[in-house]
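J.: Quick one, structure for this:
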Amino acid sequence: MTARTITYRDAVHEALREALRGDERVFLMGEDVGYYGGAYACSKGLIQEFGEERIRDTPLSESGFVGAGIGAALGGMRPIVEIMTVNFSLLALDQIVNNAATLRHMSGGQLSVPLVIRMATGAGRQLAAQHSHSLECWFAHVPGIKVVAPATIKDARGMLSTALADPDPVIIFEHATLYNEQGELPETDDYAMEIESARISRAGGDITLITYGGSLQKTMAAAEDLATDGVDCEVIDLRSLRPIDDATIMASLAKTHRAVIVDEGWRSVGLAAEISARITEQAFFDLDGPVARVCSAEVPIPYPRHLEMAATPQPDKIAAAAREVLRR
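T.: Below you'll find the predicted structure:
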């Protein structure tokens, strides 16, 4: 199979363009998605191709345009709503949690909300606390929606079409540090993929490193570092944060008997805590020691580069946590 080298940003752009071309019900809306081309240039040129009816610039009102997306989905459209950053999504929590996630249940199955919400997340760009947090676990807490986090170019290219086919809301978290990343994308006629399963990104037998999104590359770098010491790491890319693929995690633990969870969210009441609890509930007797967590410091993400790096998971911290687990 042939492959080509593209960026994560280009993969998202291609997925958007394919969706718009393939279904007249699909439209994109959000702040600056039109003539500006999107805050991260993912929709550049789309308004010239598809026009203002299908590439809709919105006012700075997340609650307003997410609500409009919900209404459009109820009316038979397939909206893609872009929120500039996860921090701004808090202004739309009422629409997402109290409307999009609940309407199928509250209508007794009579209504569905086939809505896709895309948003950037994460630190690493020196944009300070109001643009840099990782709040994925807030949304993963809510029944009625699916939450996915494409960490690779292949997933960035393929997850959107599957999300659009879902009759219920899907939130796609794109880590903002990944947009410039380059990689190979296999050529195929159909990039659609199953989005609810985790992926083994690196096979190994000594310890399991569990992560997702923007932390995958850091975790892979830590695994390479540990390999120089003879430690054979298995790396799991969760891909889906709701639902979580318990089976892949537990199968890995049955082999390695040790786990480190890497999550750019905060440690307290976070996704890493949830996964740790599931491991304890389902695989306690497979463990040879306590589960470790590498998370962001319990502070708002700082602006200075050195403090931002210090506050978030980095390869050296991940490798250190793994070595500590192996010593126990």
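J.: Going along the chain, name the strands of the stretch 51-200 of the chain.
T.: Remark: strands assigned in the stretch 51-200 of the chain by DSSP state E, counting those that start in this stretch are 55-57, 78-83, 116-121, 146-148, 170-175, 182-186, 199-202.
J.: so which of those strands gets nearest Ser215?
T.: strand 170-175 (8.1 Å; CB to CB). Glycine gets a C-beta too; all of them are placed from N, C-alpha and C.
J.: Point to the residue nearest the middle of the chain.
T.: Centroid-nearest residue in the chain: Ala149, 1.7 Å away (criterion: CA atoms, centre = their mean).
J.: distance between the ends of stretch 33-45?
T.: For stretch 33-45, the separation between the terminal residues is 10 Å (CA to CA, to the nearest Å).
J.: got a list of what Asp32 touches?
T.: 38-39, 57, 84 (CB atoms under 8 Å, 6 or more residues apart in numbering).
J.: could the strands of the stretch 51-200 of the chain go into a markdown table alongside distance to Ala311, mean pLDDT and mean neighbour count?
T.: As requested, the strands of the stretch 51-200 of the chain are arranged in a markdown table below (distance: least, CB to CB, whole Å; pLDDT from 0 to 100; neighbours: other CB atoms under 10 Å):
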| stretch | distance to Ala311 | mean pLDDT | mean neighbour count |
| --- | --- | --- | --- |
| strand 55-57 | 34 | 98 | 20 |
| strand 78-83 | 23 | 98 | 25 |
| strand 116-121 | 15 | 98 | 26 |
| strand 146-148 | 23 | 98 | 23 |
| strand 170-175 | 16 | 98 | 26 |
| strand 182-186 | 27 | 93 | 15 |
| strand 199-202 | 25 | 98 | 17 |
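J.: Could you export the ones you listed as JSON lines, including distance to Lys44?
T.: Below are the strands of the stretch 51-200 of the chain laid out as JSON lines (distance: least, CB to CB, whole Å):
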{"stretch": "strand 55-57", "distance to Lys44": "11"}
{"stretch": "strand 78-83", "distance to Lys44": "13"}
{"stretch": "strand 116-121", "distance to Lys44": "15"}
{"stretch": "strand 146-148", "distance to Lys44": "23"}
{"stretch": "strand 170-175", "distance to Lys44": "15"}
{"stretch": "strand 182-186", "distance to Lys44": "17"}
{"stretch": "strand 199-202", "distance to Lys44": "29"}
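J.: residues touching the residue nearest to the centre of the chain, list them.
T.: By CB under 8 Å, 6+ apart, the residues touching Ala149 are 121, 136, 172-175, 212-213, 238-241.
J.: Among these, which one sits closest to Arg25?
T.: Ile172 (18.2 Å).
J.: just checking, that closest one touches Ala120?
T.: No - using CB atoms under 8 Å, Ile172 is not in contact with Ala120, being 10.2 Å away.
J.: give me the number of residues near Tyr191?
T.: Tyr191 has 21 neighbours, counted by other CB atoms under 10 Å.
J.: now do Ala254
T.: Ala254: 12 neighbours (other CB under 10 Å).
J.: what do you get for Ala101?
T.: Ala101 has 20 nearby residues by other CB under 10 Å.
J.: for the record, mean pLDDT for the longest strand anywhere in the chain?
T.: Scanning the chain for the longest strand, with DSSP state E as the assignment, gives strand 259-266. Taken as a whole, strand 259-266 carries a mean pLDDT of 98.
J.: got it, and stretch 304-312?
T.: On average, stretch 304-312 scores 97.
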